[in-house]
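Chemist: Sharing a sequence plus its predicted fold:
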Amino acid sequence: MPQSSFNQLTEQLALADILLAGRATMHDPQDLPGKYGRVVRAIDHVLELISCEAVVGGGWAVWRHGFINRVTQDIDIILPADRIEEFLKVASVGGFQILPVTSGRWPKVHHKETDIQVDILSEGERPGLPPDFAPTTIPHPVQLGAAGCKLRYLQLAGLIELKIAAGRLKDKADVVELIRANPAQIDVIRQRLSEIHDRYAEEFDTLVEEAQKDDAHQ
């Protein structure tokens, strides 16, 4: 194994141990350990300067909502569509480097001090990959749990909505684990999904069955 890959694996294992030990007290993104907490606070600083709300999605939200073995390196945030340009402008002089992206892809920034990439998902964009885009768009962060000018975790129902909308195999696997971790929330989540799109509710029902089969064989 190359030394760089070995070092990365060692770092991930150490991070997993820290997250497992401290999960009960890590309620907010700002509580994340080490460099992850530092980049969250750096994002908060930009949000405060532009008076903007945002939520953390992706792997960190999956971890917070109960898939405790989920470890990720990047941070995904969801911003209002009309605030992204301003966010990027302020971030570029606040410790972040704007990364080049191909046409049609979402913006990314690199936090120089921690070497962590931040992926920016825009309200109003469609999850998924061409040609199979989702039938709905990403909601405004406030609809997903944002409050004030500090990062909050994406709420569980909204997280599952966006995971199903993305449609990748790893997103479906995340949903199965989230269902297993939150069985008491199944009816509430299904009701929300049925109000958004029938396809999401049908996919959710399929994933609930998969989760229940997994539990039955353990």
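Modeler: Perfect, I can see it now. Numbers count the residues shown, from 1 in each chain.
Chemist: Helix, strand or coil: sort out residue 76 for me.
Modeler: Three-state call for residue 76 (DSSP: H, G, I helix; E, B strand; the rest coil): strand.
Chemist: Run through this structure and note the low-pLDDT ranges.
Modeler: Where the chain drops to pLDDT under 70, the residues are 1-13, 16, 217-218.
Chemist: ok, which stretches of it are strands?
Modeler: 55-56, 75-79, 96-99, 108-111, 116-122, 128-129, 132-133, 152-153 (DSSP state E).
Chemist: Can you check which of these gets nearest to residue 26?
Modeler: Set against residue 26 and scored by CB to CB, those come closest in strand 152-153, at 10.3 Å. C-beta here means a position set from N, CA and C on the backbone, and glycine is covered the same way.
Chemist: circling back: any chance of the strands of the chain in CSV, with distance to residue 23 and mean neighbour count too?
Modeler: Shown next, in CSV, are these (distance: least, CB to CB, whole Å; neighbours: other CB atoms under 10 Å):
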stretch, distance to residue 23, mean neighbour count
strand 55-56, 15, 26
strand 75-79, 17, 25
strand 96-99, 28, 16
strand 108-111, 23, 20
strand 116-122, 20, 19
strand 128-129, 31, 12
strand 132-133, 34, 10
strand 152-153, 13, 20
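Chemist: what would these look like in JSON lines with distance to residue 35?
Modeler: Below are the strands of the chain laid out as JSON lines (distance: least, CB to CB, whole Å):
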{"stretch": "strand 55-56", "distance to residue 35": "15"}
{"stretch": "strand 75-79", "distance to residue 35": "10"}
{"stretch": "strand 96-99", "distance to residue 35": "14"}
{"stretch": "strand 108-111", "distance to residue 35": "8"}
{"stretch": "strand 116-122", "distance to residue 35": "6"}
{"stretch": "strand 128-129", "distance to residue 35": "30"}
{"stretch": "strand 132-133", "distance to residue 35": "34"}
{"stretch": "strand 152-153", "distance to residue 35": "18"}
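Chemist: So which of those is nearest residue 46?
Modeler: strand 96-99 (7.6 Å).
Chemist: still on that earlier bit, residue 66 is nearest to which of the strands of the chain?
Modeler: The closest of the strands of the chain to residue 66 is strand 152-153. By CB to CB, the value is 11.6 Å.
Chemist: Just list what the closest one packs against, helices and strands only.
Modeler: Contacts defined by 3 or more CB pairs under 8 Å, 6 or more residues apart in numbering; DSSP states H and E place strand 152-153 against strand 55-56, helix 58-64.
Chemist: so what's residue 35 up against?
Modeler: Going by CB atoms under 8 Å, 6 or more residues apart in numbering, residue 35 touches 113, 114, 115, 116.
Chemist: May I have stretch 129-144 exported as CSV, CA atoms only?
Modeler: Provided in CSV are the C-alpha atoms of stretch 129-144 (Å, rounded to 0.1, in the frame of the first residue of the first chain):
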residue,chain,number,x,y,z
LEU,A,129,-26.7,12.4,-12.6
PRO,A,130,-27.7,12.8,-16.3
PRO,A,131,-29.9,11.6,-17.8
ASP,A,132,-31.6,10.4,-14.6
PHE,A,133,-32.1,13.7,-12.7
ALA,A,134,-34.5,13.8,-9.7
PRO,A,135,-38.1,15.0,-10.3
THR,A,136,-37.7,17.6,-7.6
THR,A,137,-35.1,20.2,-6.6
ILE,A,138,-33.1,20.8,-3.4
PRO,A,139,-35.2,22.8,-0.9
HIS,A,140,-34.1,26.1,0.8
PRO,A,141,-31.9,25.4,3.8
VAL,A,142,-34.5,26.8,6.1
GLN,A,143,-36.8,24.0,5.0
LEU,A,144,-34.1,21.5,5.9
